[in-house]
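**Student:** Here is my input; please provide its structure:
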Amino acid sequence: MSSITDPQPKGLPSVSARHIDPHSYPDGVAFLDGQYLPMPQAKISVLDWGFLHSDATYDTVHVWDGSFFRLDLHLDRFFASLQKLRMTIPFDRDGVSEILHNCVALSGHRAAYVEMLCTRGASSTFSRDPRQAINRFMAFAVPFGSVANAEQLRRGLHVAISDKVRIPPASIDPAIKNYHWLDLVRGLYDAYDRGGETALVLDFNGNVAEGPGFNVFCVKDGSLSTPAIGVLPGITRRTVFDLCAEAGLAATAVDVSVAALKAADEVFITSTAGGIMPVTMIDGMPIADGKVGPFTSRLMALYWQKHDDPAWSSPVRYP
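**Tutor:** Residues are numbered from 1 along each chain as shown. Next comes the predicted model:
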């Protein structure tokens, strides 16, 4: 297995200019088992609990125009998830940050989707005792991708609400970002069967929860609301609250019924993979006049403007 560069035993390698060629690594770069690798070479064992049992946690941050957006918040959540799952990695926050910077710099991409993850790993004896597994840290940077494509961002997404129920918080803490997505995938197929482009699933009380990798907001009479229970507290979701506080807009986390969502003046979804994205149709029916609304448009503009704010963004350390 060939590697791009090998870390030194007592720290991470410096990234030299000769390694940077975005044409050489169009699929991105991964960090795995102490090496930086072209993305197609990054592989894990079929015996890893992350694969066998979805026993893993991860976090994703994006790079836009050569800068990470809100990296500190993503690192906060990742290390909190590690602690809750009783996982340990051989890197502190600065070490993980350096690895993420290196993955992006080595790939050469200036717009990237960057992931840090840890699996439970595997034991040499195939033990079923998770305490016997050796936790495994990985990271990668791939070209930036969005939940919504350019056309959908212009005219708004068409969403269908599935009757599938999101895993309740008593089973899986939604604050721990995880790969338990079968409920979301089943919801997606429900949406596809009904002509939708993506899906929302319900919480255990029958209210709206979230979608595959995104939170949802609705606007009614100038006030914003987003589901409060059984959802991942997304970083982009938090960013909307921060933007609303700066702009003097009211935003609350509350129960959002299906009827309330459909009766909203505006609806949008939020994700690291795409930011703030409009929704103009739910279950085949338009939201209000079926056009992207003024609050959504204003928040979308503010969101991307914040990418130039040094308090919110940190430049990738390209050579």
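**Student:** Going by C-alpha atoms from here, please, whenever you check contacts or count neighbours.
**Tutor:** OK.
**Student:** Do I have it right that residue 220 meets residue 261?
**Tutor:** No. Applying CA atoms under 8 Å, one finds residue 220 not in contact with residue 261, separated by 9.1 Å.
**Student:** Between those two, which has more neighbouring residues?
**Tutor:** Neighbours were counted for residue 220 and for residue 261 using other CA atoms under 10 Å; residue 261 has more, 22 against 14.
**Student:** Quick check: which element contains that one?
**Tutor:** helix 258-262 (DSSP states H and E).
**Student:** ok now that helix, how far from the chain's centre?
**Tutor:** Helix 258-262 sits 25 Å away from the centroid of its parent chain (CA atoms, centre = their mean, to the nearest Å).
**Student:** So for it, what gets flagged as buried?
**Tutor:** The neighbour-count check on helix 258-262 (16 or more other CA atoms under 10 Å) flags 258, 261-262 as buried.
**Student:** I'd like those residues as JSON lines, with pLDDT appended.
**Tutor:** JSON lines is the format used below for these (pLDDT from 0 to 100):
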{"residue": "258", "pLDDT": "98"}
{"residue": "261", "pLDDT": "98"}
{"residue": "262", "pLDDT": "98"}
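**Student:** Which parts of the stretch 201-319 of the chain are helices?
**Tutor:** In the stretch 201-319 of the chain, the helices defined using DSSP state H, counting those that start in this stretch lie at 235-247, 258-262, 294-305.
**Student:** quick one: buried residues of the first one?
**Tutor:** For helix 235-247, the buried set under the neighbour-count rule, 16+ other CA under 10 Å, comprises 235-237, 239-241, 243-244.
**Student:** Mind exporting the C-alpha coordinates of that helix to PDB?
**Tutor:** What follows is helix 235-247, C-alpha atoms only, in PDB (Å, rounded to 0.1, in the frame of the first residue of the first chain):
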ATOM      1  CA  ILE A 235     -23.700  22.700  13.900                       C
ATOM      2  CA  THR A 236     -25.500  24.400  11.000                       C
ATOM      3  CA  ARG A 237     -28.700  24.300  13.100                       C
ATOM      4  CA  ARG A 238     -26.800  26.100  15.900                       C
ATOM      5  CA  THR A 239     -25.500  28.500  13.300                       C
ATOM      6  CA  VAL A 240     -29.100  29.400  12.300                       C
ATOM      7  CA  PHE A 241     -29.800  30.200  16.000                       C
ATOM      8  CA  ASP A 242     -26.600  32.400  16.100                       C
ATOM      9  CA  LEU A 243     -27.500  34.200  12.900                       C
ATOM     10  CA  CYS A 244     -31.000  34.800  14.200                       C
ATOM     11  CA  ALA A 245     -29.700  36.300  17.400                       C
ATOM     12  CA  GLU A 246     -27.500  38.700  15.400                       C
ATOM     13  CA  ALA A 247     -30.300  39.600  13.100                       C
END
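**Student:** Averaged pLDDT, it. What do you get?
**Tutor:** Averaging pLDDT along helix 235-247 yields 98.
**Student:** what packs against that helix?
**Tutor:** strand 250-254, strand 266-271, helix 294-305 (3 or more CA pairs under 8 Å, 6 or more residues apart in numbering; DSSP states H and E).
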